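Asker: with the input below, show me the fold.
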Amino acid sequence: MDDPSRDFLTELLETPSPSGYETRGQQVWVDYVDQFADDVRTDAYGNAIAVHEGAPDASGAPEIVLTGHADEIGFIVKSIDDNGFVRLGRIGGSDPSVSKGQHVTIHAAGGPVEGVIGQHAIHLREDESETDIEDLWIDIGAESEDEAHDRLEIGDPITVSSTVSWLSETRLAGRGLDNRVGTWAAAEGFRQAVETGTDATVYAVSTVQEEVGGNGARMVEFDLEPDAVVVVDVGHAVDYPSAPSEKTSQMELGGGPALGRGSTNHPAVFDALRSVADERELEVQIEALGVGTGTDADSFFTAAGAIPSQVVSVPNRYMHTPVEMIDTDDLEEIAALLGAFASRADEFTPFAVDI
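Answerer: Prediction:
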């Protein structure tokens with residue numbers, strides 16, 4: 001990975017972007033794609049769309065969307081008690097089992113407020129039932145409700161304070177890789193397509209609020225009517241000790257992009273991507289997704305009557321924890337696959353099943 005791409009990835013991952021509060025992260029993404037897009041626009045909720053106009057008059061030139069979602073899971077300030085302790089609620093699928101004892105940052109209007117999610121000392125614990133988010137509290141060092149209110153207010157978003165760790169040349173760990181790595185891949189695939197001078201009109205899209213229901217993608221649907229959409233998200237890598245591998249496809253870090261099959265995933269787009277991967281000698285994995293994908297593809301594919309949509313997954317260990325892990329070789333190969341697909345999309349249109 002070259003330095004500009006690596007710096008872009010690191011900045012994306014280190015910029016807090018919880019669902020509903022994605023503005024700062026989206027600005028990082030917009031600034032990057034603006035260097036090579038013909039136009040970049042945002043909507044009222046912060047979805048960001050970059051476009052390469054291509055050659056719309058060229059015979060068979062399609063419109064292709066490459067997309068990921070900008071938001072990450074987190075928490076929200078729900079209430080403050082008399083003693084200044086902050087009670088929190090979920091933003092997306094936050095996991096209480098890995099939340100206790102974490103350093104967190106409350107993103108208040110006056111600036112970041114640091115705190116810790118409390119945990120009973122092991123000496124004082126007996127067998128405890130599984131904790132719910134509503135049972136947790138944040139200690140910001142305040143001694144009263146008024147003191148806490150001076151520093152933050154109800155509805156402020158919260159993220160775990162961990163940041164990016166490069167564990168090796170290609171193994172990267174941190175919070176919120178789900179799914180800024182997807183928006184990175186969409187931007188980089190878009191850049192590579194632009195550099196080839198493709199006749200296709202190509203959109204790179206960074207959506208908001210996927211973690212709370214795929215909302216941003218539904219907003220974008222009304223603005224775009226592409227021939228195909230490729231959604232980049234993360235998938236469960238189960239190549240670690242005691243992984244419940246029977247619950248998912250056998251995906252591993254370093255094994256290459258994972259192409260979804262089944263349900264939302266369109267057979268013609270799947271075949272096109274696999275054909276491009278074979279030509280580029282990119283190893284791919286297959287992810288069985290028989291009952292929806294749990295990604296923005298589930299929002300896109302029924303828009304405008306039907307939009308052929310396909311998920312490409314970045315293998316990811318420890319999803320929805322503060323220590324998610326990917327292999328950047330997989331990520332770079334996804335960007336290369338997207339760029340090559342968008343450049344050759346006219347060879348595969350129309351995207352339709354044969355009846």
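Asker: can you show me the helices along the stretch 51-200 of the chain?
Answerer: 145-149, 177-196 (DSSP state H, counting those that start in this stretch).
Asker: can you give me the buried ones in the shortest one?
Answerer: Neighbour-count burial for helix 145-149 flags residue 148 (criterion: 16 or more other C-beta atoms under 10 Å). C-beta coordinates here come from the backbone N, C-alpha and C atoms, glycine included.
Asker: again with stretch 1-21
Answerer: 1, 5, 8-13, 15-21.
Asker: please identify the deepest-packed of the helices of the stretch 51-200 of the chain.
Answerer: helix 177-196 (a mean of 26; mean count of other C-beta atoms under 10 Å).
Asker: if we can go back for a sec, the buried residues of stretch 1-21: which two are farthest apart?
Answerer: 1 and 20 (30.4 Å; C-beta to C-beta).
Asker: mind giving me the domain ranges of the chain?
Answerer: 3-72+175-347, 75-160 (automatic domain parsing).
Asker: got the ones you listed as CSV, with distance to residue 166 columns?
Answerer: As requested, the domains of the chain are exported to CSV (distance: least, C-beta to C-beta, whole Å):
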stretch, distance to residue 166
domain 3-72+175-347, 9
domain 75-160, 18
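Asker: deepest-packed of these, please.
Answerer: Mean neighbour count (mean count of other C-beta under 10 Å) peaks for domain 3-72+175-347 among those, with a mean of 21.
Asker: gap between the two ends of that one?
Answerer: End-to-end distance for domain 3-72+175-347, by C-alpha to C-alpha, to the nearest Å: 33 Å.
Asker: quick one: average pLDDT of that domain?
Answerer: For domain 3-72+175-347, the mean pLDDT works out to 96.
Asker: centre-most residue in this protein?
Answerer: residue 179 (1.6 Å; C-alpha atoms, centre = their mean).
Asker: and the residue lying closest to that residue once chain neighbours are set aside, how close does it get to residue 234?
Answerer: Among residues not flanking residue 179 along the chain, residue 69 sits closest, at 4.9 Å (C-beta to C-beta, 6 or more residues apart in numbering). As judged by C-beta to C-beta, to the nearest Å, residue 69 and residue 234 stand 10 Å apart.
Asker: picking that back up, for residue 167, find the nearest of the domains of the chain.
Answerer: domain 3-72+175-347 (7.5 Å).
Asker: so what's the gap between the closest one and the chain middle?
Answerer: 8 Å (C-alpha atoms, centre = their mean, to the nearest Å).
Asker: can you check stretch 79-92 too?
Answerer: 26 Å.
Asker: re earlier: tell me the one of the buried residues of stretch 1-21 nearest residue 60?
Answerer: residue 5 (31.1 Å).
Asker: OK, contacts around that closest one?
Answerer: 184, 188 (C-beta atoms under 8 Å, 6 or more residues apart in numbering).
Asker: and for residue 184?
Answerer: Residues near residue 184 by C-beta under 8 Å, 6+ apart: 5, 8-9, 12, 68, 331, 335.
Asker: again with residue 179
Answerer: 68-72, 210, 232-234.
Asker: quick check: residue 345 is in a strand.
Answerer: No - with DSSP: H, G, I helix; E, B strand; the rest coil as the criterion, residue 345 is helix rather than part of a strand.
Asker: so it sits against residue 64, correct?
Answerer: Yes - using C-beta atoms under 8 Å, residue 345 is in contact with residue 64, at 5.0 Å.
Asker: which residues do those two both contact?
Answerer: What both residue 345 and residue 64 touch, as defined by C-beta under 8 Å, 6+ apart, is the set 200, 227-228.
Asker: which among the residues you listed gets closest to residue 173?
Answerer: Closest to residue 173, out of all of these and judged by C-beta to C-beta, is residue 228, at 32.5 Å.
Asker: run through the residues that contact the closest one.
Answerer: Residue 228 touches 62, 64-65, 266, 269, 272, 307-310, 345, 351, counting by C-beta under 8 Å, 6+ apart.
Asker: wait, which of the helices of the stretch 51-200 of the chain is closest to residue 25?
Answerer: From the helices of the stretch 51-200 of the chain, taking C-beta to C-beta, the stretch that ends up closest is helix 177-196, at 6.8 Å.
Asker: report the angle between the axes of whichever helix or strand comes after that closest one and helix 177-196?
Answerer: Using DSSP states H and E, the helix or strand that follows helix 177-196 in sequence is strand 201-207. Taking axes from the mean of the first three to the mean of the last three C-alpha atoms, to 10 degrees, one finds strand 201-207 and helix 177-196 inclined to each other by 160 degrees.
Asker: strand 201-207 packs against which elements?
Answerer: Packed against strand 201-207 by the contact rule (3 or more C-beta pairs under 8 Å, 6 or more residues apart in numbering; DSSP states H and E) you find helix 23-33, strand 48-52, strand 63-69, helix 177-196, helix 215-221.
Asker: alpha carbons of the longest one, in CSV - could you do that?
Answerer: Right, the one you point to is helix 177-196. The C-alpha trace of helix 177-196 is given here as CSV (Å, rounded to 0.1, in the frame of the first residue of the first chain):
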residue,chain,number,x,y,z
LEU,A,177,-12.9,-1.1,10.7
ASP,A,178,-16.6,-2.0,10.1
ASN,A,179,-16.9,-0.3,7.8
ARG,A,180,-14.5,2.6,7.0
VAL,A,181,-12.4,-0.1,5.2
GLY,A,182,-15.4,-0.4,2.9
THR,A,183,-15.5,3.3,2.1
TRP,A,184,-11.7,3.2,1.6
ALA,A,185,-12.1,0.4,-0.9
ALA,A,186,-14.9,2.2,-2.7
ALA,A,187,-12.8,5.3,-3.0
GLU,A,188,-9.6,3.4,-4.1
GLY,A,189,-11.5,1.3,-6.6
PHE,A,190,-13.1,4.5,-8.0
ARG,A,191,-9.7,6.1,-8.3
GLN,A,192,-8.3,3.2,-10.2
ALA,A,193,-11.3,3.1,-12.5
VAL,A,194,-10.9,6.9,-13.2
GLU,A,195,-7.2,6.4,-14.0
THR,A,196,-8.1,3.8,-16.7
